[in-house]
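# turn this into a model:
(4 chains)
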There are 2 protein chains.
Amino acid sequence: MQNNVRKFREQLGLTQKQLGELVVVSRQAINAIETGKFDPSIWLAYDLARFFGVSIDTLFFFKEEDRR
Amino acid sequence: MQNNVRKFREQLGLTQKQLGELVVVSRQAINAIETGKFDPSIWLAYDLARFFGVSIDTLFFFKEEDRR
DNA sequence: CCTCCATGTCAAGTAAACATGACACAACGG
DNA sequence: CCGTTGTGTCATGTTTACTTGACATGGAGG
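Sure thing, here's the model as predicted:
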């Protein structure tokens, strides 16, 4: 699933580790989401969107072609 | 996690089974979500919100107290 | 009374979202 | 050179979202 977590994260000058600590997940989880390895849970999607101050749909792109 | 899936579903006069078929999950999954037994995946949340024509946040309530 | 039908729930299994720990590598500054 | 930092990735394990199949119950209708 595509998203612009990385874009928002870099705009704030944060590392994956730092963002992970802020939303309380591992840095591997942040990395896996940024690189599209797996989709976030609804709570993590909410936490990330809320942290960046945007909606879930502006942070994550629900495209039919990359549905599991 | 609280939500008003049931409210929207009943407004459309649908059964859990019918809604499950429409969003392609089992009726037990619909039931479990309505009764708060587990949280939907981000895709199912998206599918349900989209089906009802509302946003994810109007369908699901992210309250800290019922976080897992 | 009988029979659907909708709902609730349980048991057992699978898949995916995480965690943790480890290793590789490139970029940078000392 | 070297040590650190950020990122990518792997292996292993746990938890949870979801499946199928089953059974119980209550309400509505014949």
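
# hey, let's count contacts and neighbours off CA atoms from now on
Noted.

# so who does the spatially closest residue to residue A:4 that is not a sequence neighbour touch?
Using C-alpha to C-alpha, 6 or more residues apart in numbering or on different chains and skipping the chain neighbours, the partner closest in space to residue A:4 is residue A:59 (5.6 Å). With contacts defined as C-alpha atoms under 8 Å, 6 or more residues apart in numbering or on different chains, residue A:59 is in contact with A:3, A:4, A:5, A:49.

# most neighbours among those residues, please name it.
Compared across the contacts of residue A:59, residue A:5 has the highest neighbour count, 23 neighbours, by other C-alpha atoms under 10 Å in any protein chain shown.

# coming back round to it: look up phi and psi at the residue nearest to residue A:4.
With angles defined as degrees, to the nearest 10, residue A:59 sits at phi -90, psi -40.

# rewinding a little: which one of the contacts of residue A:59 is nearest to residue A:42?
The shortest approach to residue A:42 among those belongs to residue A:49, at 10.5 Å (C-alpha to C-alpha).

# just checking, that closest one touches residue A:43?
No. Between residue A:49 and residue A:43 there is no contact under C-alpha atoms under 8 Å: 9.8 Å.

# the residue of chain A found nearest DNA strand D: neighbour count?
Sorted by distance to DNA strand D under C-alpha to the nearest atom of the strand, the residues of chain A start with residue A:15, at 3.4 Å. Taking other C-alpha under 10 Å as the neighbour definition, residue A:15 ends up with a count of 14.

# return the residues in contact with it.
Under the criterion of C-alpha under 8 Å, 6+ apart, the contact list for residue A:15 reads residue A:9.

# kindly report the residues of chain A close to chain B.
By the criterion of C-alpha under 8 Å from any C-alpha of the partner chain, the positions of chain A lying close to chain B are A:39, A:40, A:41, A:42, A:43, A:45, A:46, A:62.

# helix or strand: which one has the fifth one?
Using DSSP states H and E, residue A:43 falls within helix A:42-52.

# spatially nearest residue to residue A:51 (excluding sequence neighbours)?
Of all residues not flanking residue A:51 in the chain, residue A:23 sits nearest, at 7.7 Å (C-alpha to C-alpha, 6+ apart).
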